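build the 3D model from these lines:
(one chain, ligands or ions: 1)
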Amino acid sequence: MINQETALSQKTELLCKGLYLDNSLIPQYKEQGINIDFGRKGGAGPSGGRYFLLEEGSSLVNVALWNTPNNRELFLKDYKNGYFEVFNEKNKESFGRLKLIQNPRFYSPNFKTSDGIPMKKIALVHGIDCLASTIYQKCVYWGCGEACTFCGIEVSLQNDATILEKNAKQMSEVITMAKKEGRCSHMTLTSGTDETVDKGANRYVKLLKGVKSDHPDIPIHVQIEALEDLIYINKLKEAGADTIGIHIEVLDNTLRKEITPGKFSISYNLFEKNWKHAIDTFGKNQVSSYVLTGFGESKGEFIKDIEKVISLGVIPYITPVRPIPGKRYLPNTNFEDLLDIYKDSGKLMRVYGVNPLENKAGCVRCGGCSAIKEAYIEAK
Ligand code: SF4
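From the prediction side, this is the model:
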């Protein structure tokens with residue numbers, strides 16, 4: 001059994017490096033009753049991952065699975081007694097053991113909504129029990145060639161893995177099925193940005209009202225970019241959203257322009273205004289922001305910027321960038337640097353009284369893509 005410090009370190013390393021999966025092992029695992037593949041290729045959250053639990057049993061991690069030569073460090077090896085052995089090829093030593101989270105049964109094409117859409121095209125289970133869906137699969141920035149360089153939102157549409165827009169009835173039906181399997185205790189909803197002044201908030205409002213009347217017990221997280229008109233934040237809360245992510249993605253201003261060219265038109269000050277208003281509306285520990293690392297930013301500057309975010313009461317959902325296959329190549333984020341960043345952020349959250357363990361729904365509660373919760377626990 002591993003301790004909390006090792007869990008934080010192993011999770012950070014897995015987030016940064018991913019795992020090498022040898023194609024030839026896939027049929028062998030299948031014979032042992034384990035279906036493993038290279039995960040999804042687009043959509044919400046970093047793509048291409050599968051979910052594993054670390055050996056201590058509570059840390060969940062969304063791990064990229066690779067079969068490319070530049071990711072041959074941590075190898076998925078034998079499957080024994082419910083765990084995969086992981087071997088570090090560089091150091092020639094065992095890394096540890098991981099438990100694969102199996103996909104839910106409703107991913108089978110036999111499960112369809114009442115209007116005939118395969119349920120897997122409506123929502124996916126992230127981790128153990130977070131049902132996640134991109135409610136609108138297009139984004140204004142893709143249309144004008146200013147998409148964020150790490151984003152795969154329209155890739156899943158091109159791959160026919162999903163549909164353009166989901167409605168409340170379809171979503172409720174999938175929630176019912178996921179609940180039956182014990183795979184939905186909370187939800188993450190995300191969306192591409194709309195051209196309209198509400199930036200997509202009105203789509204969420206419509207969907208939230210329907211879903212919440214069918215499933216009032218499921219806390220829901222919504223993700224949106226900073227708005228000029230803050231009233232939409234209130235509308236999201238009134239419609240039933242429980243937590244909100246207002247994602248800046250990149251903190252360094254020069255890098256922001258390069259990595260998120262469309263979103264760069266929104267000033268940092270507007271993000272601050274939105275975060276503050278969202279905390280007043282949604283309450284303490286219910287507001288987060290995805291912050292990506294691994295673009296070559298300075299660690300010291302990054303921590304200073306993170307402190308600003310935390311000091312406002314926002315949970316920084318720090319995650320290493322994962323390149324989308326076929327898009328801009330990015331080297332793996334340096335794992336030691338990210339570990340330092342997590343440790344500092346954990347301490348800063350303690351100093352400013354920000355507690356990610358109290359977040360009610362969505363990415364922060366799921367925790368698969370960031371070690372921010374482990375860092376908070378470790379900082380005690
Ligand atoms: S944190 Fe969880 S819910 Fe959010 S994108 Fe990652 S896996 Fe999905």
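
wait, a strand at residue 292?
Yes. Per DSSP: H, G, I helix; E, B strand; the rest coil, residue 292 lies within a strand segment.

next, the closest residue to it other than its chain neighbours: phi, psi?
Spatial nearest neighbour of residue 292, chain neighbours left out: residue 321 (4.5 Å); criterion: C-beta to C-beta, 6 or more residues apart in numbering. (Glycine included, C-beta is placed from N, CA and C.) With angles defined as degrees, to the nearest 10, residue 321 sits at phi -70, psi 140.

count the residues that sit near residue 321.
Neighbours of residue 321 under the rule other C-beta atoms under 10 Å: 21.

ok, what's across the strand from the residue of the stretch 151-300 of the chain found nearest the ligand?
Across the stretch 151-300 of the chain, no residue is closer to the ligand than residue 188, which sits at 4.2 Å (C-beta to the nearest ligand atom). For residue 188, the beta-bridge partners are residue 132, residue 221 (DSSP bridges).

and the helix or strand that contains residue 236, what's its mean pLDDT?
In this structure, residue 236 sits in helix 231-239 according to DSSP states H and E. Mean pLDDT, helix 231-239: 98.

buried stuff in that helix?
For helix 231-239, burial by neighbour count (16 or more other C-beta atoms under 10 Å) applies to 232, 233, 235, 236, 237, 239.

now for it, which elements pack on it?
Here helix 231-239 touches helix 201-214, strand 220-224, strand 243-246, helix 268-282, going by 3 or more C-beta pairs under 8 Å, 6 or more residues apart in numbering; DSSP states H and E.

and that helix, how far out from the chain's middle?
23 Å (C-alpha atoms, centre = their mean, to the nearest Å).

what of stretch 22-41?
Using C-alpha atoms, centre = their mean, the offset of stretch 22-41 from its chain centre is 23 Å.

avg pLDDT for stretch 97-116?
95.

please see if it touches the ligand.
No. Figure legend: stretch 97-116 not in contact with the ligand (C-beta under 6 Å from any ligand atom); closest approach 10.3 Å.

would you mind measuring the gap between the ends of that stretch?
40 Å (C-alpha to C-alpha, to the nearest Å).

picking that back up, can I get the helices and strands packed on helix 231-239 in a markdown table including mean neighbour count, mean pLDDT and distance to the ligand?
Below are the helices and strands packed on helix 231-239 laid out as a markdown table (neighbours: other C-beta atoms under 10 Å; pLDDT from 0 to 100; distance: least, C-beta to the nearest ligand atom, whole Å):
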| stretch | mean neighbour count | mean pLDDT | distance to the ligand |
| --- | --- | --- | --- |
| helix 201-214 | 19 | 97 | 16 |
| strand 220-224 | 26 | 97 | 8 |
| strand 243-246 | 25 | 98 | 9 |
| helix 268-282 | 18 | 98 | 17 |
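
out of those, which is closest to residue 253?
Set against residue 253 and scored by C-beta to C-beta, the helices and strands packed on helix 231-239 come closest in helix 268-282, at 7.1 Å.

contacting residues around the longest helix anywhere in the chain?
Taking DSSP state H as the criterion, the chain has its longest helix at helix 335-352. For helix 335-352, the external contacting residues (C-beta atoms under 8 Å, 6 or more residues apart in numbering) are 8-9, 12-13, 15-17, 293-294, 299, 302-303, 306-307, 310-311, 313, 315-316, 318, 320, 354-356, 371-372, 374-380.

could you do stretch 83-90 as well?
Residues from elsewhere that reach stretch 83-90 (C-beta under 8 Å, 6+ apart): 19-20, 52, 55, 72-79, 93-100.

which of the residues in it are buried?
Buried residues in stretch 83-90, counted by 16+ other C-beta under 10 Å: 83, 84, 86, 87.

what segments of the chain are helices?
Ranges of helices in the chain, per DSSP H, are 4-17, 25-31, 140-143, 155-158, 168-180, 201-214, 231-239, 253-259, 268-282, 299-311, 335-352, 363-366, 372-378.

thinking again about what came up before, does the residue of the stretch 151-300 of the chain closest to the ligand touch residue 223 like I think?
Yes. Counting by C-beta atoms under 8 Å, residue 188 touches residue 223, with 7.3 Å between them.

what is in contact with the two at once?
Counting by C-beta under 8 Å, 6+ apart, the common neighbours of residue 188 and residue 223 are 362, 363.

residues from the stretch 101-250 of the chain in reach of the ligand?
Counting by C-beta under 6 Å from any ligand atom, the positions of the stretch 101-250 of the chain adjacent to the ligand are 126, 127, 130, 132, 188.
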